[in-house]
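[1] Below are the sequence and a predicted model for it; my questions follow.
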Amino acid sequence: MINNVCRGTVFPKKGENGANLPTEYLWFQGRPNTAAWQLKILSITVEKGDDIKITAGVTGIKPVAGETPVTTLASPGYLQYTGTITWNPTAATFAAGTAYTATITLTKAAGYTFAGIEADKFPVAGAATVTNIAGTAEATTLSITATFAAAAGAASDKILTFAEGDVKGTATTVTILSDGKGYRAVTSAGYGGAWTYFKVTFDPGLKLSDYTKIDYTVTGIEGGSGTDSGGYKEGLMSVFASEETVASPSVSNLVFTETIGWQATGVGGMNSPSTHTVTVKVQPGTDLNEVWIAFRVGGTAGWTYELSNIKFYNVK
């Protein structure tokens, strides 16, 4: 049998009829109902393939004001490496307005290699700059220096002030109030045919989704013509990415958290102004630094209202 080639099935540790064999033996069964042998293992050679290039970047370490710095990490998905991080300056929690530098030391996992990684190209999510030497097949570790811009703090409450061009209307004449903190709208169409829309630009680094709610005050000034009282029937707000995309609002990005509305008595208009403060909720995921918000209220043509004291809150 030496140097002969046989085809069959090998059964570790089990012999004929399932009998146990010593650890160093295998049971070999040739073609069915033919000869069988008890083989002793002399040696086993395992051929190892090439190491796999590390491709997973570092994620989830970008400084955020109030959060605890990450000091240990592992690559996402299949474990390609583990790592440690030291921060400069050191802090128990990140501070708003402070820039941070992370020194990252990665240790490759078995079967992976740093070979092929270009100098200063290792991906670190959120970093302003990244410095690293080129990876080699011999290296078991890789050192990376990543700098981050000043950590953003929590969004401060924002009260809107309008200038010319910030507010426009469809079937509506718009006049900005003298203090700039709102506008008056006179409709020329009834119910859903008239609406206004205004621009909101957030401070650098902030976006709509950094806020969770909006308060505003709507005041009915006078009603329109016809048999309807011309009172306030509904309030709808929607967010649009640009002035060019603004359309009649429907409840989408902004959701009312309370039911509101009034109806004046008498025919042909409201007998006296009526003021209501309303809260709407900002749905998450609107990552825009500048938006246009469309506002619509129901009433007959010719009725007049003011929208003012629009305030964005960061309430988590």
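    In hand now; what should we look at? Numbering: from 1, shown residues only.
[2] Now the helix or strand containing residue 309 - C-alpha only, PDB.
    Following DSSP states H and E, one finds residue 309 within strand 304-313. Extracted C-alpha coordinates of strand 304-313, given in PDB (Å, rounded to 0.1, in the frame of the first residue of the first chain):
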ATOM      1  CA  THR A 304     -55.500  87.800   7.600                       C
ATOM      2  CA  TYR A 305     -53.200  86.300  10.200                       C
ATOM      3  CA  GLU A 306     -49.800  86.900  11.800                       C
ATOM      4  CA  LEU A 307     -47.200  84.200  12.400                       C
ATOM      5  CA  SER A 308     -44.600  85.200  15.000                       C
ATOM      6  CA  ASN A 309     -42.300  84.200  17.800                       C
ATOM      7  CA  ILE A 310     -41.000  81.100  15.900                       C
ATOM      8  CA  LYS A 311     -38.600  79.300  18.200                       C
ATOM      9  CA  PHE A 312     -36.600  76.100  17.700                       C
ATOM     10  CA  TYR A 313     -35.800  74.100  20.800                       C
END
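[3] Strand partners (parallel or antiparallel) of that strand?
    Strand 304-313 has these partner strands in its sheet, going by DSSP bridges: strand 158-159 (antiparallel), strand 182-187 (antiparallel), strand 213-222 (antiparallel).
[4] what is the rounded mean pLDDT of it?
    Strand 304-313 carries an average pLDDT of 86.
[5] Of all the strands paired with strand 304-313, which one is nearest residue 290?
    For residue 290, the closest of the strands paired with strand 304-313 is strand 158-159, at 12.7 Å, according to CB to CB. Just so you know, the C-beta spots here come from the backbone N, C-alpha and C atoms, and that holds for glycine as well.
[6] Can you tell me what sits against that closest one?
    If you take CB atoms under 8 Å, 6 or more residues apart in numbering as the criterion, strand 158-159 is touched by 181, 202-203, 211, 309-312.
[7] Okay, and the beta partners of residue 195?
    Bridge pairing for residue 195 (DSSP bridges) gives the partners residue 170.
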